[in-house]
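Asker: Have a look at this fold, sequence not included:
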């Protein structure tokens, strides 16, 4: 059974930073593209960032580009999302996802975590 477990969410003031982690129980983790999405109440799930299996390719959603950084450690089966200069509009539940290839589309990912809440206060 594939399991993705996110951690690192919490409450932070605007301008602050958080680092999210996602530990994956995937036997061949390095062959999977990994991504982060987020969903705020009443809104669609939004693409945040993806990273290829090797880590050589990354892409970011327009609203987070320049502030967030996705990375992975294949030896630890873990993907990270470093979030800097956080804004109130970054408040959402953040989900980790795994799939065969990188894509910005949520339906391109086969496995999802349960999410971790990030709340940014003013």
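Answerer: Cool, got the structure. The structure presented is a predicted model; accordingly, all values stated were derived computationally and were not measured. Residues are numbered from 1 along each chain as shown.
Asker: For the chain, which residues score under the pLDDT cut-off?
Answerer: Of all residues in the chain, none has pLDDT under 70.
Asker: beta partners of the residue positioned nearest the centre of it?
Answerer: For the chain, the residue sitting closest to the mean C-alpha position, by CA atoms, centre = their mean, is residue 36 at 2.4 Å. Taking DSSP bridges as the rule, residue 36 bridges to residue 49, residue 96.
Asker: what sits against it?
Answerer: Shown in contact with residue 36 (CB atoms under 8 Å, 6 or more residues apart in numbering): 20, 22, 48-50, 70, 79, 81, 94-97. No exception for glycine: its C-beta is placed from N, CA and C like everyone else's.
Asker: what does residue 72 give?
Answerer: Per CB under 8 Å, 6+ apart, neighbours of residue 72: 34, 51, 55, 78-80.
Asker: OK, contacts around residue 86?
Answerer: 12-18, 67, 118, 120.
Asker: got the phi/psi numbers for the closest residue to residue 46 other than its chain neighbours?
Answerer: The shortest distance from residue 46 to any residue other than its chain neighbours is 5.4 Å, reached at residue 38 (CB to CB, 6 or more residues apart in numbering). Main-chain dihedrals, residue 38, degrees, to the nearest 10: phi -140, psi 160.
Asker: what's the burial count for residue 38?
Answerer: 23 (other CB atoms under 10 Å).
Asker: hang on, it packs against residue 95?
Answerer: Yes: the criterion here is CB atoms under 8 Å, and residue 38 meets it with residue 95 at 6.9 Å.
Asker: shared neighbours, the two?
Answerer: Shared contacts of residue 38 and residue 95, defined by CB under 8 Å, 6+ apart, are found at residue 45.
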